[in-house]
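S.K.: test case, fold it:
(one chain, ligands or ions: 2)
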Amino acid sequence: MKTRDRLRIAMQKSGRLTEPALELLTRCGLTFRQSRDKLFCFGEGEPVDLLLVRDDDIPGLIAQGVCDLGIVGRNVLSEFQLTAGRELAPLSELRPLGFGRCRLSIAVPQELDYQLPQHLEGRRIATTYPGLLGEWLRTHGVNAGVVTLAGSVEIAPKLGTADAICDLVQSGGTLVANQLRETDVLLESEAVLAGPLTLPVDERGDMLELLMKRLDGVIQVRESRLLLLQTSRTTLEAVTRLLPGGPQPTLLAVAGQPDQLMLQALCAGEVSWRQLEEIKKAGAREMYVLPVEKMLA
Ligand code: PRT
Ligand code: ZN
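M.R.: Ligands and ions are numbered 1, 2, ... in the order given. Below is the predicted model:
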């Protein structure tokens, strides 16, 4: 294979992952000139180009060495790893990217009496993920027929071509609209950065390392929240105990109220209403959760 000095990233041309993937790369300081056929985008500042393709083609393009990296759903990557021929290079999930979240689940007609995977014995299950479904069936020792479809899996039970389905679920709206009930989750998915198991050792390797560092920074900031609250000195310990992870909080005095403190804490992830309510019960008030725009430690 001819060596390249520019890094090439494959991403979805048009679909659910397109916009968030582009936004992520832009936040990493990458900009692209779009070519007329919109298949190849030349990177302007850094030596990183984009290939815009169907998501299903992304793992294959990396495995063949046509692209160095790809942004793709874990569902597509895992299916590829289970079904690709041995002659192709193995891939790895380099980073979870925190968008495109969904799950691959089994769903059955609402009226079907289903409690255990064993109730699928001898039945037909429609899916676009025969590799992942096959593995799950084997794990549970179930013999079922796998009906592989290219799309519109959710209508298979109504059409009589399958008794159950194995498909991606996000809100669950599609299942409800088709009188189906979600029973088992096979895989929790989100968009991931996929790459070869062994990374290139030429100029591309340096760029790759740099890109991963920027990605980590962008992801860390995106998931960070700044929590501000007020508490009295007597409830400080109880409040601090409930704070979601992160470094030690900063304490500030409140002018004119010697008993009161202002607490500032950087939290590693989302702070839920439930967590806030618990912290409030422990004695906190005037609580704010703020997104973090940039961070330089
Ligand atoms: O053209 P191309 O092949 O590139 O696109 P595609 O149609 O195969 O993919 P696309 O854009 O639909 O999805 C790309 C990726 O987004 C998937 O591989 C998943 O990793 C991720 N993703 C996240 C989803 C969903 N959420 C999702 N809800 N992919 C598909 N769905 C579908 C699902 O198949 C079902 O039909 O949405 C329906 C369920 O949604 P709810 O909200 O009704 O439960
Ligand atoms: Zn696809």
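
S.K.: identify each buried residue in the strand or helix carrying Leu290, please.
M.R.: Element membership for Leu290, per DSSP states H and E: strand 285-291. By 16 or more other Cβ atoms under 10 Å, the buried positions in strand 285-291 come out as 287, 289. For the C-beta atoms, the positions are set from N, CA and C on the backbone; glycine is no exception.

S.K.: on contacts alone, who are the packing partners of that strand?
M.R.: On a contact count with 3 or more Cβ pairs under 8 Å, 6 or more residues apart in numbering; DSSP states H and E, strand 285-291 meets strand 225-232, helix 273-281.

S.K.: of those, which is nearest Leu261?
M.R.: strand 225-232 (5.8 Å; Cβ to Cβ).

S.K.: before we move on, the earlier item: point out the most buried one among the helices and strands packed on strand 285-291.
M.R.: strand 225-232 (a mean of 19; mean count of other Cβ atoms under 10 Å).

S.K.: run the angle between that one and helix 273-281 for me.
M.R.: 20 degrees (axes from the mean of the first three to the mean of the last three Cα atoms, to 10 degrees).

S.K.: please identify the helix or strand for Leu236.
M.R.: helix 236-241.

S.K.: cool, Ser105 as well?
M.R.: strand 102-109.

S.K.: now that strand: how far from the chain's centre is it?
M.R.: 18 Å (Cα atoms, centre = their mean, to the nearest Å).

S.K.: which helices and strands does that strand pack with?
M.R.: strand 164-169, strand 180-189.

S.K.: quick one: Ile58 and Gly73 touch, right?
M.R.: No - Ile58 lies out of contact with Gly73 (Cβ atoms under 8 Å); the separation is 9.2 Å.

S.K.: on that earlier part again, mind giving me the packing neighbours of the helix holding Leu236?
M.R.: strand 260-267.

S.K.: what comes up buried for the strand it packs on?
M.R.: 260-263, 265-267.

S.K.: Ser105 contacts Glu188, correct?
M.R.: No - between Ser105 and Glu188 no contact is recorded; they are 9.9 Å apart, counting by Cβ under 8 Å.

S.K.: more crowded one of those two?
M.R.: Between Ser105 and Glu188, counting by other Cβ atoms under 10 Å, Ser105 is the more crowded of the two (20 against 13).

S.K.: so the more buried one bridges to which residues?
M.R.: Taking DSSP bridges as the rule, Ser105 bridges to Asp167, Val185.

S.K.: hang on, Thr31 packs against Gly45?
M.R.: Yes - judged on Cβ under 8 Å, Thr31 makes contact with Gly45 at a distance of 5.7 Å.

S.K.: more crowded one of those two?
M.R.: Shown here are Thr31 and Gly45; by other Cβ under 10 Å, Thr31 has more neighbours (13 against 9).

S.K.: nearest spatial neighbour of the more buried one, chain-adjacent residues omitted?
M.R.: Glu44 (4.8 Å; Cβ to Cβ, 6 or more residues apart in numbering).

S.K.: next, the buried residues of the strand holding Ser105.
M.R.: In strand 102-109, counting by 16+ other Cβ under 10 Å, buried: 102-108.

S.K.: which pair in these has the greatest spatial separation?
M.R.: By the measure Cβ to Cβ, these have their two most distant members at Cys102 and Val108, which lie 18.7 Å apart.

S.K.: got the contact list for the helix or strand encompassing Asp206?
M.R.: Element membership for Asp206, per DSSP H and E: helix 203-223. Residues lying outside helix 203-223 but in contact with it, judged by Cβ atoms under 8 Å, 6 or more residues apart in numbering, are 4-7, 24, 27-30, 46-48, 68-69, 94-95, 97-98, 193, 195, 199-200, 268-270, 292-295.
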